[in-house]
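[1] build me a model:
(one chain, ligands or ions: 2)
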Amino acid sequence: MSLSLRTLLLLGTSAATITAQGTHASAAAAAAAGPSSSSAAHSGSTSGSQAGGQHGAGHNEPPGPADFINIDVQHHLGWLWVALCGSFLIYHAIVRSVHYIRKIACLNNETQRYFANPNVAYGRFKRHFSEAPLFRTRHHREFKLSSALNVGTLPSRFQTLLICAYFGVNVAFCVYNIDYANDSKTVLKELRNRTGVLSVINMVPLFLFAHRNNPLINFCGVSFDTFNLMHRWLGRISVLEAIAHTCCYCINKVNTMGWAGLQKSLTTHLSTPQTGLIATCAFVAILFTSPSIVRHAFYEAFLHFHIAMAALALAILWLHLKDLESQKVLIIVIAFWLTERSIRICHIVYRNFGSSSTKADVEVLPGDALRVTLRMARPWKFRPGQHVYLYIPHIGWWTSHPFSLAWSDSEAHSPVVSSEDLPVDIEKSGAITPVVQHDVLGLPTKTSMSLIIRRRTGFTEKLYRKAQNAASGRFTTTAIVEGPYGKENLHSYGTVLLFAAGVGITHQVPHVRDLVVSFSNSTSATRKVVLVWIIQSPEHLEWIRPWMTTILSLPQRRDVLKILLFVTRPRSTKEIHSPSSSVQMFPGKPNVTALVEAEADAQVGAMAVSVCGTGSLADDVRKATRGVMSRRNVDFVENAFSW
Ligand SMILES: Cc1cc2nc3c(=O)[nH]c(=O)nc-3n(C[C@H](O)[C@H](O)[C@H](O)COP(=O)(O)OP(=O)(O)OC[C@H]3O[C@@H](n4cnc5c(N)ncnc54)[C@H](O)[C@@H]3O)c2cc1C
Ligand SMILES: NC(=O)c1ccc[n+]([C@@H]2O[C@H](COP(=O)([O-])OP(=O)(O)OC[C@H]3O[C@@H](n4cnc5c(N)ncnc54)[C@H](OP(=O)(O)O)[C@@H]3O)[C@@H](O)[C@H]2O)c1
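    Residues are numbered from 1 along each chain as shown. Ligands and ions are numbered 1, 2, ... in the order given. Purely as a prediction, here's the structure:
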């Protein structure tokens, strides 16, 4: 970001006068060297240049020393982001390398004793910092006023530190190196320009972090959830800076020209102050319509309004920043946005439109759920931990909803030459891929992907009602699938403990299949997999029955997999029976701490504890896992949707 800014700044100089070019070129060099040097280089600079100058009335004023300090501040902020992303990138690369080496080292090692013991300092770091909730236990359990009114969640300790530090840095930069000895008019002008510059430059990460296709998710190993949290806080910071910018302008105008002067400037058609005011109003509208309680209660309305206001703010800002360097920052922001949208459209077209289009078979299941089997227009590589965005135009028009991929199969649509029994194959990497069967012409057959969708109150409710009203509780419709997004590999862990609540099982089933197959093929370190699934009623078992049948018939399954089912609201105790010693059923909720401690005491190699389900279960599992982190080598893997 900083590099692009530097390039843009240099490009900007070419538009300035020769005198100004010389002045600015030396200033840019000085700016790179540090704030004091650039200030020194520009003290006394009076020649006109738009390159470094932020706007005065109508943006016609020549740049002064304060404008060059603003350039410095943008550079500092840019470098801060480079340093932050670089640190995450390096940390993630190290963690991945350790996992890879551990997996290779453990392929033929049954006890894996060395890897069961933690690095105590790292264990403490995870326990008290990187995996810790802000206070005691609460992180993803929502604060709720009622079942529909969700007030939000608490960020983790690490996330809070990041947010507070970035907020502090912005406050410091807003007031940094302003010459308070000057008269109030000059001080307010400098503050106005500084806050304006910061508000605009913060839009670069603000927009990038909102994207599903943000490349930093993969490079830095940071979840979309965390980027989404940062997006929200960057938005708040950027809006506060825009408000401060507008206030400084208004106060100065009233002080110098009176209320009438302010009114005239704000009512002049598309004047700089007027466009600034409109952009700030659009920002404030976004701020007031994005708290968790509104987002969760009216997600689709929120999303559409949010995008419309962001587009309006960008368009108006473009006019507001006419002839200023900051306008070029908007080009970066718009380029990010357009690129991401184009990538999404290309993915959608590629995945869903070929010789035929993607179809969805929707089927009602007991327990207010649906099974959606997507017959994809093109085959794809299925890996555990993936989710997709589903569009069913017939039901939800252009809106899309995220769902975890629970299962994949390949299906033949003409005589096939493959005689594979099992629907999965293991690549060298160990990832599950559907066996792409080939017909007599050598063309790949279709892949199908399955989702389990729990009925809520919007799109899912409409889909459920449509299936319920159809003959035999099922219907077929045209669907569009966007993705896949995300992936997770647990092959380097000797022991894997998977927790799921309700429909959260969709995230864990692919792991179970993947790990059991990799165990029998000796392509992972995994020696022990325990699945703990908590459901309200035994009828929820229907959701995954056909897939579990396949998993339970996989070779060597008994040697590696144990399934514990907890039914919290059974109608009678007769419903609770354990089919075998490796598949056991219990009434009530599990004692999560006891389960985690028991597995940690007997763990083989490193242990992963993964959870997908309600916020309260996720917090309980996090607490229990942190409890064993400093004495055993245990990692906590959470799948949370807290946007
Ligand atoms: C990565 C991921 C994977 C998921 N996997 C599954 C799954 O396998 N099975 C399952 O049943 N559910 C899953 N969910 C939840 C599912 O996306 C929502 O239940 C669904 O979008 C609700 O749609 P609705 O219109 O009926 O919601 P509403 O009843 O209107 O709202 C219910 C909740 O869903 C949220 N929501 C609504 N629309 C969206 C949207 N487009 N994007 C994100 N959140 C939304 C609302 O904010 C609200 O909190 C997953 C969510 C995420 C983020
Ligand atoms: N890929 C993913 O990350 C993913 C995919 C799908 C769904 N999800 C999320 O998973 C959640 C599950 O949805 P759902 O409606 O199917 O769940 P649900 O039916 O409300 O809950 C499932 C079960 O978990 C029990 N439970 C809740 N909190 C618990 C705790 N702290 N300890 C032990 N048991 C607990 C519930 O018991 P009681 O009801 O008896 O209290 C219930 O039996 C949703 O929040 C959804 O967003 C995540």
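[2] please make it C-alpha for all contacts and neighbour counts, starting now.
    Fine.
[3] L149 contacts P291, correct?
    No: L149 is not in contact with P291 according to Cα atoms under 8 Å; the separation is 11.2 Å.
[4] any stretches of the stretch 1-150 of the chain with poor pLDDT?
    For the stretch 1-150 of the chain, applying pLDDT under 70 flags the ranges 1-61.
[5] give me the residue from it nearest ligand 2.
    R141 (8.8 Å; Cα to the nearest ligand atom).
[6] which SS state does that residue fall under?
    Following DSSP: H, G, I helix; E, B strand; the rest coil, we place R141 in the coil state.
[7] that one and I94, how far apart?
    According to Cα to Cα, to the nearest Å, R141 stands 31 Å off from I94.
[8] per-domain residue ranges of the protein.
    For the chain, automatic domain parsing gives the domain ranges 2-109+154-345, 359-485, 495-638.
[9] mind checking the ones you listed for the one nearest to ligand 2?
    That would be domain 495-638 among the domains of the chain, by Cα to the nearest ligand atom, at 3.3 Å.
[10] can you list the low-confidence ranges for the stretch 351-500 of the chain?
    In the stretch 351-500 of the chain, residues with pLDDT under 70: 411-445.
[11] can you show me the strands along it?
    Per DSSP state E, counting those that start in this stretch, the stretch 351-500 of the chain carries strands over the ranges 359-365, 369-375, 387-391, 401-404, 407-411, 424-426, 432-434, 446-454, 474-478, 480-485, 495-501.
[12] which residue lies closest in space to the most centrally placed residue in the chain, excluding its sequence neighbours?
    Closest residue to the average C-alpha location of the chain: F224 at 1.0 Å, with Cα atoms, centre = their mean. Of all residues not flanking F224 in the chain, I217 sits nearest, at 6.3 Å (Cα to Cα, 6 or more residues apart in numbering).
[13] and the one you found, what element?
    Under the criterion of DSSP states H and E, I217 resides in helix 216-220.
[14] and that helix, does that touch ligand 1?
    No: counting by Cα under 6 Å from any ligand atom, ligand 1 is not contacted by helix 216-220; separation bottoms out at 13.6 Å.
[15] packing partners of that helix?
    If you count contacts as 3 or more Cα pairs under 8 Å, 6 or more residues apart in numbering; DSSP states H and E, helix 216-220 packs onto helix 65-106.
[16] which bits of the stretch 301-450 of the chain sit near ligand 1?
    Counting by Cα under 6 Å from any ligand atom, the stretch 301-450 of the chain sits next to ligand 1 at 387, 400-404.
[17] now S578: phi and psi?
    phi -100, psi 120 (degrees, to the nearest 10).
[18] who are the contact partners of the closest residue to it other than its chain neighbours?
    Distances taken as Cα to Cα, 6+ apart place Q584 nearest to S578, at 4.4 Å, with adjacent residues excluded. By Cα atoms under 8 Å, 6 or more residues apart in numbering, the residues touching Q584 are 563-565, 577-578.
[19] 10 Å - rerun?
    Residues in contact with Q584 (Cα atoms under 10 Å, 6 or more residues apart in numbering) are 532, 562-566, 576-578.
[20] what's the answer for W398, then?
    Counted by Cα under 10 Å, 6+ apart, W398 has contacts 390-392, 480.
[21] just the element for whichever residue of the stretch 201-350 of the chain sits closest to ligand 1, please.
    Using Cα to the nearest ligand atom, the closest approach of the stretch 201-350 of the chain to ligand 1 is made by H296 at 3.4 Å. Here H296 sits within helix 292-297, counting by DSSP H and E.
[22] how about the contacts of W398 in CSV, adding distance to R102 and neighbour count?
    Formatted as CSV, the contacts of W398 follow (distance: Cα to Cα, whole Å; neighbours: other Cα atoms under 10 Å):
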residue, distance to R102, neighbour count
L390, 36, 21
Y391, 40, 20
I392, 43, 20
I480, 39, 25
